[in-house]
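Visitor: mind folding the following:
(one chain, ligands or ions: 2)
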Amino acid sequence: MEYKAPIGVKIDLETGVILDAKKLVRRLSDLKGYFLDEKAYEELLKDDPVVYEVYAIEQEEKDGDLNFATTVLYPGKVGNEFFFTKGHYHSKADRAEIYYAIKGRGGMLLQTPEGKAEWIPMEPGTVVYVPPYWAHRTVNTGDEPFIFLAIYPADAGHDYGSIKGKGFSKLVVEADGDVKVIDNPKWKV
Ligand SMILES: O=P(O)(O)OC[C@H]1O[C@](O)(CO)[C@@H](O)[C@@H]1O
Ligand SMILES: [Fe+2]
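Guide: Ligands and ions are numbered 1, 2, ... in the order given. Got it, this is the predicted structure:
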């Protein structure tokens, strides 16, 4: 039997960076069609800001193994909608996931394929369990980077397609200085 070597790495709790991890950068231009206010999107696209960065330690896609990644989700809004991660179901839809909030303020929007949505606010120390079959997207509702750790089965995979096409049934917006979770007028089952 060949055993894999254990890994110990440090998360910089101020910046979210994991040295030697695989870094992924998602800019606003990578999120075309995701935000409701298309005019505000086109306006902000002139600067094409970084929306989030991921630092991932990933294994081969094998049953029983685990990946983990930090995400640094920057503060910002498109119109009144807060910056978010793309969001996805897992390709192996029955795979669960754990998130742990490290810095900043935000939350997670979760949704079943039928469109039943849940909003879980997150602050440093919050752990979120994403059950099998639920799509999940994180949202930065604060004014500093929202940093969190995600731990997920190595064979879970990402199914972005259904979210890209239909979005979530709820939007997380700023209204009267507050964070509000409202119905997405464009949502269709
Ligand atoms: O994959 P998305 O929806 O862009 O969100 C990024 C975050 O979610 C993960 O895909 C894990 O679910 C991580 O790679 C990262 O923490
Ligand atoms: Fe996931």
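
Visitor: P132: what's it in contact with?
Guide: 93-96 (C-beta atoms under 8 Å, 6 or more residues apart in numbering). Placement of C-beta: from N, CA and C, glycine included.

Visitor: ranges for the helices of the chain?
Guide: Counting by DSSP state H, the chain has helices at residues 38-45, 161-166.

Visitor: so which of those gets nearest ligand 1?
Guide: Within the helices of the chain, the stretch nearest ligand 1 is helix 161-166; the backing value is 7.8 Å (C-beta to the nearest ligand atom).

Visitor: poorly predicted segments of the protein, please.
Guide: 189 (pLDDT under 70).

Visitor: show me where it has its strands.
Guide: 22-27, 50-57, 66-73, 77-78, 81-82, 97-103, 106-111, 117-122, 127-130, 135-140, 146-153, 170-175, 178-183 (DSSP state E).

Visitor: other SSEs contacting the last one?
Guide: Counting by 3 or more C-beta pairs under 8 Å, 6 or more residues apart in numbering; DSSP states H and E, the packing neighbours recorded for strand 178-183 are strand 170-175.

Visitor: picking that back up, quick check: of the contacts of P132, which lies closest to D176?
Guide: Nearest to D176 among the contacts of P132: A96, at 35.9 Å, using C-beta to C-beta.
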